[in-house]
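Engineer: How does the following fold in three dimensions:
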Amino acid sequence: MKAFRYYGPREAIVEEIPVPTIGPGELLVAITACGICGTDVKTYLRG
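Structural biologist: So this is what the prediction gives:
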């Protein structure tokens, strides 16, 4: 599965990671779309 990982200012990468295993009472949700707001952009740029 793909994951968008933030490592610090101006360091974010889309990576392929293993699908997590889920335990009893948990569920795995498939995300088909997401959005980024202005605050997210500030965090990406400045930390």
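Engineer: now Val29, what's its secondary structure?
Structural biologist: Following DSSP: H, G, I helix; E, B strand; the rest coil, Val29 is assigned to coil.
Engineer: And it, how far from Val41?
Structural biologist: 24 Å (Cβ to Cβ, to the nearest Å). Placement of C-beta: from N, CA and C, glycine included.
Engineer: If you count surrounding residues, which of those two has more?
Structural biologist: More neighbours surround Val41 than the other of Val29 and Val41, with 10 against 4 (other Cβ atoms under 10 Å).
Engineer: Tell me the confidence at that one?
Structural biologist: Note on Val41: pLDDT of 91.
Engineer: Kindly export the helix or strand of the chain with the lowest mean pLDDT (C-alpha atoms) in CSV.
Structural biologist: Least confident helix or strand of the chain, by mean pLDDT, DSSP states H and E, is helix 38-46 with a mean of 90. Taking Å, rounded to 0.1, in the frame of the first residue of the first chain, the C-alpha atoms of helix 38-46 are listed here in CSV:
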residue,chain,number,x,y,z
GLY,A,38,-3.3,25.6,4.2
THR,A,39,-2.1,24.6,7.7
ASP,A,40,-0.8,21.4,6.2
VAL,A,41,1.2,23.3,3.6
LYS,A,42,2.7,25.5,6.3
THR,A,43,3.8,22.5,8.3
TYR,A,44,5.3,20.9,5.2
LEU,A,45,7.3,24.1,4.4
ARG,A,46,8.3,25.2,7.9
